[in-house]
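A.B. asks: Fold the following, please.
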Amino acid sequence: MKNLQQVQQMLKQVQQFQEQLQKQLDDLVVESSTGGGMVTVKMNGQKHLVSVHIDPEVYKSGDIEMLQDLLLAAVNEASRKIDEQVASQMGSLAGGLNLPGFGF
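C.D. replies: Prediction:
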């Protein structure tokens, strides 16, 4: 009976952890800029782009390949920042869990 209670408590803690992490992901937005601010993107914790800004000077140059490269670099950098933030937040939240035998 005691083991069942421990498992139920652990499941409750994991569920709370998952809810806290989801809320933090919903609130998380990172920004990445490339080309000295020529391209700026914002990405949320779900790795969805929420905004893209392209400086009008990029259009004037007519260099489509440069624009593609800048956009690709900005999106990849934003994705990397999200990964870092998520790993940090998971570590912080998991540190508060009291799950014996799970190394948290």
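
A.B. asks: Now the one helix or strand residue 88 maps to: buried residues?
C.D. replies: Counting by DSSP states H and E, the element that carries residue 88 is helix 64-95. For helix 64-95, the buried set under the neighbour-count rule, 16 or more other C-beta atoms under 10 Å, comprises 67, 70-71, 73-75, 77-79, 82, 85-86, 89, 93. C-beta coordinates here come from the backbone N, C-alpha and C atoms, glycine included.

A.B. asks: If you rank every helix and strand of this protein by mean pLDDT, what lands last?
C.D. replies: In the chain, no helix or strand scores lower on mean pLDDT, DSSP states H and E than helix 2-27, which sits at a mean of 81.

A.B. asks: helices and strands around that one, which ones?
C.D. replies: If contacts are counted by 3 or more C-beta pairs under 8 Å, 6 or more residues apart in numbering; DSSP states H and E, helix 2-27 sits against helix 64-95.
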